[in-house]
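Chemist: no FASTA, just this:
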């Protein structure tokens with residue numbers, strides 16, 4: 001009796017598959033199984049051209065599935081485009097790198113991401129060549145200001 005039930009179920013499954021257009025229900029090439037998470041093939045196509053931080057944050061939130069909180073004092077604009085469609089991981093990495101470059105850190109919690117300003121390194125403090133150029137510029141500005149003050153004082157003395 002068990003063999004009869006198995007045969008009937010198999011016949012019913014084959015009849016259903018033929019009715020919906022599946023030629024060989026046992027073929028590994030024909031499957032309706034969902035993709036595993038690691039085989040997510042969704043690609044993201046985006047381009048930001050002077051986009052406000054709020055637009056970038058909203059897009060990022062949609063990609064990662066979280067609400068993104070932007071500081072009220074953040075008015076940055078972003079211009080970047082990948083040049084090709086990116087996977088989710090590539091999209092997240094590109095946006096995070098651009099936010100980091102703009103001096104923003106991301107604090108992730110279970111249901112949201114909070115953007116925070118981070119201190120940017122001062123290049124003058126770490127680059128001796130830049131330090132020297134800045135000192136030269138400062139010295140030239142002091143000389144120009146001193147000359148102007150001297151000329152103005154001399155002109156006042158001549159007027160009297």
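Modeler: Yep, that arrived. Since the structure is predicted, the reported quantities are computational estimates derived from the model, not experimental observations.

Chemist: residues of the helix or strand hosting residue 79 that come out buried?
Modeler: Here residue 79 is covered by strand 77-80, with elements defined by DSSP states H and E. Neighbour-count burial for strand 77-80, counted by 16 or more other CB atoms under 10 Å, picks out 78, 80. Using the backbone N, CA and C atoms, a C-beta is placed for each residue, glycine as well.

Chemist: the longest helix in this structure is where?
Modeler: The longest helix of the chain (DSSP state H) is helix 128-159.

Chemist: show me the helices in this structure, by range?
Modeler: Going by DSSP H, the chain shows helices at 2-19, 53-64, 88-101, 123-126, 128-159.

Chemist: sorry, back to before: and the strand holding residue 79, what does it pack onto?
Modeler: Applying 3 or more CB pairs under 8 Å, 6 or more residues apart in numbering; DSSP states H and E, one finds that strand 77-80 makes contact with strand 48-52, helix 53-64, helix 88-101.

Chemist: out of the ones you listed, flag the one nearest residue 156.
Modeler: In terms of CB to CB, the element of the helices and strands packed on strand 77-80 nearest to residue 156 is strand 48-52, at 49.5 Å.

Chemist: same for the closest one, what does it pack against?
Modeler: strand 77-80.
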